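>>> Requesting a structural model of the entry that follows:
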Amino acid sequence: VALEYQRKISLEEAGLLPLILSKEASVKKICIWEMSLSALRAAFDKLQDLGSLEELQILNIDCDVEDFDIDLSGAFKKLRIVDLRCEKMNSSFALNIANYLRESKSLEEFSLWYSCGGDEGATVMAEALKVNNTLKKFTLAQQTLTSQTLIAFAKALAVNTTLEMVDLFDTCPIDKEQVPFLFEEELYADVFKRIRILWKQEVLPELIMLIREDSHCSEVSVSVTPSVDKDLLREFFDAVASNTTLRLLHFYPSDNCFDELADGIASVIKRTATLKEILNLMHVPMGSEQQLIRMLDALKVNRSVANFTTYAELLTPEIAASLSELLAVNDALRDVEVCEYWGILPEEVETILGGLRRNYTLTGIMITWDGNDDVEEGMDEIEELLKRNARLLDLAVKFVTGDRNDTEAADAANKLRSSASLVNRLKEVTGKTAEAVLCDLEAALARLSV
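The predicted structure is shown next:
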């Protein structure tokens, strides 16, 4: 059971949490959207009996002018996952966290958002990771730190062999001056397989080298501008297209999308058989809609990308037509997001519906933030089709795995057959290879003809 408070929790409610945890053995997760430091203190300060709780997520801790001086040692000793978000955590609390990490025997994932006491606090926690042997993932998010922090975590990873990922994506950059230290020291040869950062165009040559040597983690995040060396950008896309271990290609917003970037993404989509997600947050400006259309056209021949995001400033009839054509032939996409702004015309909704009605695998779409009344009926049909597809996928998976053998599940499997979406979901559920999944699928479909 998960308890979720989608609002600011009161001091009185917080004070009841220890009692709830001690009495309700079924509570495994608590998610609180917002709470004051006083409420956090009432709920968890020095608390040792957390019942069966495994995961704690607090999305906003309002410290006001108070110091973050709460004893959370009990939580760190018992929980598997802790996610804390506060804008005023200081280095002294980071020291406490470091001590918790050293002593923890259960924690597998820890995230700290918005503040951690600067480079000093981050470095103290990195030092603690050298002796922790339970943590699998450590995240510092939405903070502004220097490459000193990156170096500290690189040193920790050189010692800690159990930590699978340190996510510093939007927290600290890799400086050109620090590149020699990390690349010339053999001690840090594999550090980028287990650390996620944002790569800027100044260090593209080093990133290209890592990708070619298969020495990068499965998610690559890049920030480039139209001033980037175009030959270097092409080299980067060639490296990504030929790599078979990357799963996410992510462009962080630094400017509007430009032709060479759009063409590079399209070229990767056409060539890759292993990338799962394209997350391009560099918006397509008005008048440049062909950039998005070229990417959508490339997706028509791709069978691996399940999630695609590139936002156009305006969803034009041309984009609607291209998206409709894509949905009519693509069986790999689960989610596609092409416009998040207000307003869409009824004709464009109907155009998109033309392709979506023939698609049985898409379960999520973003084409407008909020439609007007004149498109309500069309948007409602889109929502129903997405729900239909989600149910079909669930039923088809259960038919192949043998969890259901009724006519409804059989019909779903028959509709999806060897679609990339079904194959990929079966791989996720069973942990089997694509070849083994296809054999299971073939055997399941053979039952339909008996």
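>>> Counting by contacts, list what the helix or strand bottoming out on mean pLDDT in the chain packs against.
Least confident helix or strand, the chain: helix 179-184 with a mean of 75, by mean pLDDT, DSSP states H and E. Applying 3 or more CB pairs under 8 Å, 6 or more residues apart in numbering; DSSP states H and E, we find helix 179-184 packed against helix 147-159. Any C-beta I mention is one placed from the backbone N, CA and C, and that applies to glycine too.
>>> now for the helix or strand just after the least confident helix or strand of the chain, which elements pack on it?
Later in the chain than helix 179-184, the nearest helix or strand by DSSP states H and E is strand 195-196. Counting contacts by 3+ CB pairs under 8 Å, 6+ apart, strand 195-196 packs against helix 147-159, strand 165-167.
>>> and these as a markdown table, adding mean neighbour count and mean pLDDT?
Output for the helices and strands packed on strand 195-196, formatted as a markdown table (neighbours: other CB atoms under 10 Å; pLDDT from 0 to 100):
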| stretch | mean neighbour count | mean pLDDT |
| --- | --- | --- |
| helix 147-159 | 21 | 92 |
| strand 165-167 | 20 | 97 |
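>>> And these: which comes nearest Lys78?
Between Lys78 and these, the tightest spacing by CB to CB is seen for strand 165-167, at 22.6 Å.
>>> report the longest helix in the chain, please.
In the chain, assigned by DSSP state H, the helix with the most residues is helix 376-401.
>>> Could you point out which residue ranges in the stretch 151-300 of the chain have low pLDDT?
Across the stretch 151-300 of the chain, nothing is flagged by pLDDT under 70.
>>> which stretches of it form strands?
Per DSSP state E, counting those that start in this stretch, the stretch 151-300 of the chain carries strands over the ranges 165-167, 195-196, 198-200, 219-223, 248-251, 277-284.
>>> in its sheet, what does the longest one sit against?
Based on DSSP bridges, the pairing partners of strand 277-284 within the sheet are strand 248-251 (parallel), strand 307-312 (parallel).
>>> just the helices in the stretch 351-450 of the chain please.
For the stretch 351-450 of the chain, the helices defined by DSSP state H, counting those that start in this stretch occupy 376-401, 407-416, 420-430, 434-448.
>>> Check the average confidence over the first one, would you?
Read it as helix 376-401. Throughout helix 376-401, pLDDT has a mean value of 94.
>>> tell me the angle of that helix relative to helix 407-416?
On the basis of axes from the mean of the first three to the mean of the last three CA atoms, to 10 degrees, helix 376-401 is oriented at 100 degrees to helix 407-416.
>>> ok so, going back, could you name the stretch from the helices of the stretch 351-450 of the chain that's closest to Leu145?
Smallest distance to Leu145 across the helices of the stretch 351-450 of the chain (CB to CB): 33.9 Å, for helix 420-430.
>>> Name the residues that touch that closest one?
By CB atoms under 8 Å, 6 or more residues apart in numbering, the residues outside helix 420-430 that reach it are 276, 303-304, 306, 331-334, 361, 393, 396-397, 400-401, 413, 416, 432-434, 436-438, 440-441.
>>> likewise stretch 381-389?
Val349, Ile352, Leu353, Leu356, Arg357, Asn359, Tyr360, Thr361, Leu362, Thr363, Gly364, Ile365.
>>> Can you tell me the closest non-neighbouring residue to the fifth one?
Which is Arg357. Spatial nearest neighbour of Arg357, excluding adjacent residues (CB to CB, 6 or more residues apart in numbering): Leu385 at 6.6 Å.
>>> residues near that neighbour, how many?
When neighbours are defined as other CB atoms under 10 Å, Leu385 has 20 of them.
>>> thinking again about what came up before, Ala158 is nearest to which of the strands paired with strand 277-284?
Closest approach to Ala158 among those (CB to CB): strand 248-251, 24.8 Å.
>>> List the buried residues for that closest one?
Leu248, Leu249, His250, Phe251 (16 or more other CB atoms under 10 Å).
>>> Same question for stretch 436-449.
Buried residues in stretch 436-449, counted by 16+ other CB under 10 Å: Val437, Asp440, Leu441, Ala444, Leu445.
>>> now do stretch 384-399
In stretch 384-399, counting by 16+ other CB under 10 Å, buried: Leu385, Leu386, Asn389, Leu392, Leu393, Asp394, Leu395, Ala396, Val397, Lys398, Phe399.
>>> Please report the number of neighbouring residues for the nearest residue to Asn243 once chain neighbours are set aside.
Distances taken as CB to CB, 6+ apart place Ile211 nearest to Asn243, at 5.3 Å, with adjacent residues excluded. By the criterion of other CB under 10 Å, Ile211 has 22 neighbours.
>>> Ile211 and Thr244 touch, don't they?
No - with contact defined as CB atoms under 8 Å, Ile211 and Thr244 do not form a contacting pair (10.9 Å).
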